[in-house]
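In: Build the 3D model from these lines:
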Amino acid sequence: MQPDTPTSQPALACPQHALPLEPHSGHLKCPEGCQFPVSGHIARFVPTDNYASAFGLQWNYYRTTQLDSQTGLTISTDRLRRLLGGTFDAVAGKQVLEAGCGAGRFSELLLKAGAHLSAVDLSSAVDANYKNCSHFEHYRVSQASILALPFTPEQFDVVVCIGVIQHTPNPEQTMSALCRQVKPGGLLVIDHYTQGYPETLSRRIVRAVLLKLPGRWPLRVCSALTALLWPLHRLFWWGRARPVLRSLRPWFLRASPVVDYHDAYPQLGPALLKVWATLDTHDTVTDFFKHLRSADEIKTHLEKCGMHEIEAYYAGNGVEARARKPQQAPHPRPAA
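Out: This is a model prediction of the structure:
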């Protein structure tokens with residue numbers, strides 16, 4: 001369900017004036033005169049070209065690669081369940097905001113669990129998300145910035161933001177914006193890269209080059225790098241029982257810019273391991289921003305935002321955190 005269809009999601013509002021939006025000649029218009037185009041059934045609140053454009057190209061090309069419904073595995077399910085605290089009960093029948101929805105690897109799981117989902121992404125990944133999830137009820141996706149969301153504050157029972165905050169210009173501002181969307185008594189679920197993230201020298205070099213290339217060139221380069229180096233990744237995996245290859249493998253994995261999931265997700269099998277390697281190599285060397293935060297830093301900022309029952313711990317890709325907004329929300333302390 002999209003902007004021109006009645007939905008059970010919170011109404012879209014002008015990000016600038018927080019006023020209701022009305023359909024008007026292929027746009028959504030606010031009473032103050034702001035207009036936002038609707039194309040491909042998706043309301044667009046940001047320019048098409050922005051710092052997340054590489055992610056948009058990535059997720060439209062690899063639209064179904066990480067969907068559990070396509071792989072037949074539970075990699076995304078297991079990750080989301082852990083982030084939610086071990087159960088999907090928290091989202092069933094609830095108003096859920098997924099900020100930074102990408103192609104929908106978590107969107108489809110939230111919808112299957114019964115969420116009334118409002119999904120947003122800064123990039124054109126929203127087009128892939130719509131193709132993957134538009135058959136679900138209680139679904140709407142919009143192209144928007146987390147810092148200027150098209151909703152009035154405190155509209156959502158659950159706000160989910162996975163694999164995103166570290167790629168925004170200012171993680172603290174992003175977390176503050178997410179907290180503002182949580183209803184009193186509602187739940188915030190986030191994660192963030194932390195110190196020790198495997199940003200090797202080879203990846204830093206490749207990243208410095210690719211960030212200067214236009215259009216699809218970074219994706220082409222990552223595909224070529226994976227094709228070139230993948231036989232060696234497979235060789236070191238197959239030969240890991242041999243002492244020489246076993247001792248050389250850690251060195252090789254640090255030297256190669258290609259992301260390798262043989263150890264983390266062997267259940268993917270040879271073909272998908274290579275596809276995931278290309279996808280996540282592109283993901284890790286084309287992000288415009290890559291911030292790192294500790295669990296204590298995440299917890300401290302959520303406290304400043306007035307959240308409580310905060311859990312921040314090391315897991316997954318770095319720090320994972322959950323927090324609730326008090327029923328009677330205290331006035332937030334000034335954020336640093």
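In: show me where this protein has strands.
Out: Along the chain, the segments classed as strands by DSSP state E run 22-24, 27-29, 35-39, 42-44, 95-99, 116-121, 139-143, 156-161, 182-193, 308-315, 318-324.
In: I'd like those as CSV, with mean pLDDT appended.
Out: Converted to CSV, these look like this (pLDDT from 0 to 100):
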stretch, mean pLDDT
strand 22-24, 91
strand 27-29, 96
strand 35-39, 96
strand 42-44, 97
strand 95-99, 99
strand 116-121, 98
strand 139-143, 98
strand 156-161, 99
strand 182-193, 98
strand 308-315, 98
strand 318-324, 98
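In: so which of these is the most packed in?
Out: strand 116-121 (a mean of 28; mean count of other C-beta atoms under 10 Å). To be clear about C-beta, it is placed using only N, CA and C from the backbone, and glycine gets the same treatment.
In: Pairing partners for that strand, with directions?
Out: Note on strand 116-121: by DSSP bridges, its sheet partners are strand 95-99 (parallel), strand 139-143 (parallel).
In: How about residues contacting it?
Out: For strand 116-121, the external contacting residues (C-beta atoms under 8 Å, 6 or more residues apart in numbering) are 8-10, 52, 56, 93-102, 104, 107, 110-111, 126, 129, 133, 136, 138-144, 146, 149-151, 156.
In: just to revisit the earlier point, go through the strands of the chain and name the closest to P231.
Out: Minimum separation from P231 across those (C-beta to C-beta) falls at strand 182-193, 29.4 Å.
In: Between strand 308-315 and that closest one, find me the angle.
Out: Compare the direction of strand 182-193 with that of strand 308-315 by axes from the mean of the first three to the mean of the last three C-alpha atoms, to 10 degrees and you get 20 degrees.
In: Strand 182-193 - contacts with which helices or strands?
Out: Counting by 3 or more C-beta pairs under 8 Å, 6 or more residues apart in numbering; DSSP states H and E, the packing neighbours recorded for strand 182-193 are strand 156-161, helix 171-181, helix 295-304, strand 318-324.
In: In terms of secondary structure, what does the shortest one contact?
Out: By that I understand strand 156-161. Helices and strands touching strand 156-161, by 3+ C-beta pairs under 8 Å, 6+ apart, are strand 95-99, helix 171-181, strand 182-193.
In: Does anything pack onto the longest helix seen in the chain? Which helices or strands?
Out: Determined from DSSP state H, the single longest helix within the chain is helix 217-238. Judged by 3+ C-beta pairs under 8 Å, 6+ apart, helix 217-238 is in contact with helix 53-61, helix 201-210, helix 243-255, helix 269-285.
In: any idea which of these is most buried?
Out: Among the helices and strands packed on helix 217-238, highest average neighbours (mean count of other C-beta under 10 Å) belong to helix 53-61, with a mean of 22.
In: Determine how far that one lies from the middle of the whole chain.
Out: Relative to its chain's centre, helix 53-61 lies at 12 Å (C-alpha atoms, centre = their mean, to the nearest Å).
In: who wins for proximity to A323 among the strands paired with strand 116-121?
Out: For those, proximity to A323 was assessed by C-beta to C-beta; strand 95-99 is nearest, at 14.5 Å.
In: ok, residues contacting the closest one?
Out: 9-10, 106-107, 110, 115-120, 146, 149, 151, 155-161, 164, 178, 181, 183.
In: Now with 6 Å, please.
Out: Outside strand 95-99, the residues that touch it by C-beta atoms under 6 Å, 6 or more residues apart in numbering are 107, 110, 115-120, 146, 156-161, 181.
In: now swap in stretch 35-49 and tell me
Out: Contacts of stretch 35-49 (C-beta under 6 Å, 6+ apart): 2-3, 15, 26-29, 126-127, 130, 141-145, 150.
In: follow-up on the earlier one: send the alpha carbons of the longest helix of the chain over as CSV?
Out: Presented in CSV, the C-alpha positions along helix 217-238 are these (Å, rounded to 0.1, in the frame of the first residue of the first chain):
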residue,chain,number,x,y,z
TRP,A,217,32.0,1.6,-12.1
PRO,A,218,32.6,0.8,-8.5
LEU,A,219,30.3,-2.2,-8.8
ARG,A,220,32.1,-3.4,-11.9
VAL,A,221,35.5,-3.1,-10.2
CYS,A,222,34.3,-5.0,-7.2
SER,A,223,32.9,-7.8,-9.5
ALA,A,224,36.2,-7.9,-11.3
LEU,A,225,38.2,-8.0,-8.0
THR,A,226,36.1,-10.9,-6.7
ALA,A,227,36.3,-12.8,-10.0
LEU,A,228,40.1,-12.4,-9.9
LEU,A,229,40.7,-13.3,-6.2
TRP,A,230,37.9,-15.7,-5.5
PRO,A,231,39.8,-18.8,-6.7
LEU,A,232,42.4,-18.1,-4.1
HIS,A,233,39.8,-17.6,-1.4
ARG,A,234,38.4,-21.0,-2.3
LEU,A,235,41.9,-22.6,-2.4
PHE,A,236,42.7,-21.4,1.1
TRP,A,237,39.3,-22.6,2.3
TRP,A,238,39.6,-26.1,0.7
